[in-house]
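Asks: sequence? don't have it. structure:
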């Protein structure tokens, strides 16, 4: 047996998306990282071994402008470019290449950590090393580091180190959570196996194995949606084991899930109830995708009330938006609905204090094992949220290692540096803006070749009957002073609209009524109808225009989208399942849906000019929409010259790097295995060809450029310092948008 010792600044155990993002974040900050994964591929439950969709804050398009940026955002956008068909093996490659691109990461696949050397008392422990066995290589490897991250999902490293933790559900009284049970118990969410099918083009028989269940003798056909063409995560409900120990009973759970899958396929193929003669099984999972096990205790335990209230923690370092999504303990055999959901009005915040152990000095956690109650875990557990938590924990680990402090000491003495470091790396901390004193862009005077000031969509594509209330989100910057809508009317009618604010900068639902207006509409088609609304908010924010239902009228959908403008259709009040009748919770984000209207806002003319896209927005410190679009947009692209954004200083500055963040439309819901097909490989809003130019001695010189760009952020290191009075980004073309759009520019000496 070969014995080895590997020393690095940080050891990350677990190669799911939390561990991947933690490792990349720490490596990019100059720390050496050992990434240890007990499987042959990276990605955890999202990998080709398990094949779960990477869900996150968008909640499948429920939340607006909510897609993750930072490292998880890079993975989404790269997968969209390389893997438009959602091939799980290509997704594996996207994740693997992201890790292998970092020279500071040493990757150890097929290495199962099962020993931890830790010392100290119960309330003050320190991990010295962890040891794993590399399967197939007969290598016993000990990893020594100053800081350790448990991204293992099940939390084995922290458990062996003596970290305080919980398994199961807290009582209702512990955190005053309405969705918690009256009495605490050890019940968890169950595990799932998935399967893929394909059309073979000819009849294919299926002879079930002897262990396949006769699902006609269970509640499954009565309570679950079964279709012959569905596969993959459409069968997320093939879940079981919540009343068992999801780790120690893993083999038993897998066998039960196999029996159910082959029984379901037997039912589809041989019951005569489905058109499935030519269908065959292409793939069946063999590794249960676990949802829940240990959750470690940190200095703060995130709970249901924090999620629903969108509590704005001072130490927030990550965000989520998936609903609180809890499943019945009996899983697929339950006679209840397969899941119950509570949606908050917008995205919520996750504090750094929930990412490090309360009693192990050098242990951080990321993924589904963070410090959260069972109910709060119902939303933090989804993988894109685990990934952004991983980036936050990895950044914290890197700074802790560099400074020689514990994560708790980092929180107490260096919190602002942690948050600003994350923002510089394009990680999103909602509502927090750039305050980096080293960023010369914050001291610059900014101007542009043009800026979008007239906000209007005037070319109709199709009519949309006004059978229910409709919504239109617009930036109110500095005000709203009249609007026109394009309307058809079968008969004379009165068009009535209401103007609401959205309350919080991260929310996109009506909150408080600000103004109303009505106008008479005569019979006719494509009539521009003026509505004299007026509202001047104290600070720029979004306005939510509610267009009241009248079946005699129709609105017109635009033939193209417009950044900063969204359309909504109002549905009925969300239904509440019988077991929640005493817990009615308003869910306007569900009631106001944008799903049928993505990239198709209503035709309108805003009658007052907007400053929402002025050049200064690219240096206002916000890296994503918040109380407005927060970016510069040119008025239009030109054929004869580039559109440009210019930063200038009173005296020459020495520039060594320029950070440029382009608009990649974080409202677009991307997903790794594509439960829906997005029709483009590159987001149209992204600038395609551009140059970074410096002005010195009376002339412009290109110092960097980008060709065929499909990514959101680029850091252009210039090598030797360039002395310049001005820096500008010249945009020559986009990937489809009629305007050049830049979210942020940073400049560093």
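Replies: All right, it came through fine. On a predicted model such as this, the values are computed, not experimentally measured, just so you know.

Asks: Measure how far stretch 413-432 is from the centre of its chain, please.
Replies: Counting by C-alpha atoms, centre = their mean, to the nearest Å, stretch 413-432 is centred 17 Å from the centre of its parent chain.

Asks: ignore the last one, stretch 134-151
Replies: With C-alpha atoms, centre = their mean, you get 30 Å for stretch 134-151.

Asks: Okay, buried residues for that stretch please.
Replies: Residues of stretch 134-151 classed as buried by neighbour count (16 or more other C-beta atoms under 10 Å): 134, 139, 141-151. Backbone N, C-alpha and C define where each C-beta goes, glycine included.

Asks: Next: stretch 267-280.
Replies: Applying 16+ other C-beta under 10 Å to stretch 267-280 flags 267-269, 276, 279-280 as buried.

Asks: Strands - which of the buried residues of stretch 134-151 land there?
Replies: 134, 139, 141-144, 147-150 (DSSP state E).

Asks: Pull the most distant pair out of those.
Replies: 139 and 147 (23.4 Å; C-beta to C-beta).

Asks: Residue 375: which element?
Replies: Per DSSP states H and E: residue 375 is located in helix 374-380.

Asks: Report the mean confidence score over the following helix or strand past that helix.
Replies: Following helix 374-380 in sequence order, the next helix or strand is helix 383-403 (DSSP H and E). Averaging pLDDT along helix 383-403 yields 98.

Asks: swap in stretch 172-186?
Replies: Stretch 172-186 carries an average pLDDT of 97.

Asks: Any buried residues in that stretch, and which?
Replies: 172, 175, 177, 179-180, 184.

Asks: Tell me which of those fall in helices.
Replies: 172, 175 (DSSP state H).

Asks: Of the buried residues of stretch 172-186, which pair is most distant in space?
Replies: Checking the buried residues of stretch 172-186 with C-beta to C-beta, the most distant pair is 179 and 184, at 13.5 Å.

Asks: how much space between residue 309 and residue 511?
Replies: In this view, residue 309 and residue 511 are 14 Å apart by C-beta to C-beta, to the nearest Å.

Asks: ditto for residue 101
Replies: Distance from residue 101 to residue 511, by C-beta to C-beta: 43 Å.

Asks: who has more neighbours, those two?
Replies: residue 511 (16 against 11; other C-beta atoms under 10 Å).

Asks: Give me the neighbour count for residue 719.
Replies: 9.

Asks: need the contact list for it.
Replies: Taking C-beta atoms under 8 Å, 6 or more residues apart in numbering, we find residue 719 in contact with residue 656.

Asks: distance of it from residue 607?
Replies: 50 Å.

Asks: before we move on, what about residue 379?
Replies: Taking C-beta to C-beta, one finds residue 379 at 41 Å from residue 607.

Asks: Ok, residue 225 next?
Replies: Residue 225 is 47 Å from residue 607, by C-beta to C-beta.

Asks: can you check residue 594 too?
Replies: 24 Å.

Asks: ok, the two, which is more surrounded?
Replies: The neighbour comparison of residue 594 against residue 607 (other C-beta under 10 Å) goes to residue 594, with 23 against 17.

Asks: which non-adjacent residue is nearest the more buried one?
Replies: residue 568 (5.2 Å; C-beta to C-beta, 6 or more residues apart in numbering).

Asks: Residue 610 too?
Replies: Closest to residue 610 by C-beta to C-beta, 6+ apart is residue 455, at 4.9 Å.

Asks: What are the phi and psi values at the one you found?
Replies: phi -100, psi 110 (degrees, to the nearest 10).

Asks: my guess is it contacts residue 474, does it?
Replies: Yes. Counting by C-beta atoms under 8 Å, residue 455 does reach residue 474; the two are 7.0 Å apart.

Asks: Find residues that contact each of the two.
Replies: Counting by C-beta under 8 Å, 6+ apart, the common neighbours of residue 455 and residue 474 are 564-565, 606.

Asks: Redo those residues as a markdown table? Include distance to residue 112.
Replies: Shown next, in a markdown table, are the shared contacts of residue 455 and residue 474 (distance: C-beta to C-beta, whole Å):
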| residue | distance to residue 112 |
| --- | --- |
| 564 | 49 |
| 565 | 51 |
| 606 | 59 |
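
Asks: Make TSV out of the residues you listed and add secondary structure.
Replies: Shown next, in TSV, are the shared contacts of residue 455 and residue 474 (DSSP: H, G, I helix; E, B strand; the rest coil):
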residue	secondary structure
564	coil
565	coil
606	strand
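
Asks: Quick one: these as JSON lines, columns for pLDDT too.
Replies: Shown next, in JSON lines, are those (pLDDT from 0 to 100):
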{"residue": "564", "pLDDT": "98"}
{"residue": "565", "pLDDT": "98"}
{"residue": "606", "pLDDT": "98"}
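
Asks: If you rank these by neighbours, which is first?
Replies: Among those, residue 564 has more neighbours than the rest - 25 neighbours, counting by other C-beta under 10 Å.
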